[in-house]
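Engineer: Build the 3D model from these lines:
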Amino acid sequence: MQGKNKAVFLDRDGVLNRELGDYVCRFEDFEVLDNFQALKILQDKGYLLLVATNQGGLAKGWYTEDELGKMHCHLKKVYGDRGVTITDFYYCPHHPDHTGDCDCRKPKPGLLLRGIADYNLDPESSYFIGDRERDMEAAAGAGVKGILIDSDQPLMEVVSLID
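Structural biologist: Take a look at the predicted model:
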């Protein structure tokens with residue numbers, strides 16, 4: 001599709017930062033994984049880098065929007081210092097046990113659909129890298145290609161799968 005952008009959506013926990021059980025609740029526990037080279041390669045191939053993450057701990061009151069903002073600012077800075085631009089963060093603050101149903105919590109595709117609309121993306125030229133089956137379901141629902149990785153697997157192992 002002429003004029004449309006392409007992107008790689010990235011799950012956060014287990015893909016960009018070390019996974020700590022269900023939620024990373026404190027900035028002090030937020031450990032960025034070294035996927036700098038892989039993301040730089042994707043960026044150099046013309047892909048926007050967008051984060052799509054469930055953050056149900058907000059609904060549970062386990063951490064605040066401010067704490068989440070600190071984590072995302074830190075992630076953006078650490079990658080930015082290495083020449084990688086994270087274009088945007090999409091997160092679902094809901095949890096079905098606390099806020100009821102929503103259209104953005106993965107496996108629903110709402111977060112990806114927002115990114116597609118916001119950045120004029122061609123879904124068929126875009127990808128979602130995640131470490132859970134729900135990420136792949138969200139990818140399929142949004143019409144993007146899903147790539148399932150093992151938690152903490154270096155992204156360099158999957159970069160070759162992305163044209």
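Engineer: And the top helix by length along the chain, what's buried?
Structural biologist: In the chain, taking DSSP state H as the definition, the longest helix is helix 65-80. By 16 or more other Cβ atoms under 10 Å, the buried positions in helix 65-80 come out as 67-68, 70-72, 75-76, 78-79. C-beta coordinates here come from the backbone N, C-alpha and C atoms, glycine included.
Engineer: Please name every helix or strand in contact with it.
Structural biologist: Helix 65-80 sits against strand 88-92, with contacts defined as 3 or more Cβ pairs under 8 Å, 6 or more residues apart in numbering; DSSP states H and E.
Engineer: Neighbouring strands - and their directions - for the strand it packs on?
Structural biologist: Using DSSP bridges, the strands paired with strand 88-92 in its sheet are strand 47-54 (parallel).
Engineer: Which other helices and strands does the lowest-mean-pLDDT helix or strand in the chain contact?
Structural biologist: None of the helices or strands of the chain scores lower by mean pLDDT, DSSP states H and E than helix 96-99, at a mean of 87. When contacts are defined as 3+ Cβ pairs under 8 Å, 6+ apart, helix 96-99 packs onto helix 57-60.
Engineer: With just CA atoms, put the helix it packs on into PDB.
Structural biologist: Taking Å, rounded to 0.1, in the frame of the first residue of the first chain, the C-alpha atoms of helix 57-60 are listed here in PDB:
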ATOM      1  CA  GLY A  57      -1.400  -4.000  37.700                       C
ATOM      2  CA  LEU A  58      -2.800  -0.500  37.300                       C
ATOM      3  CA  ALA A  59      -6.300  -1.700  37.700                       C
ATOM      4  CA  LYS A  60      -5.200  -3.800  40.700                       C
END
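Engineer: Alright, calling it a day.
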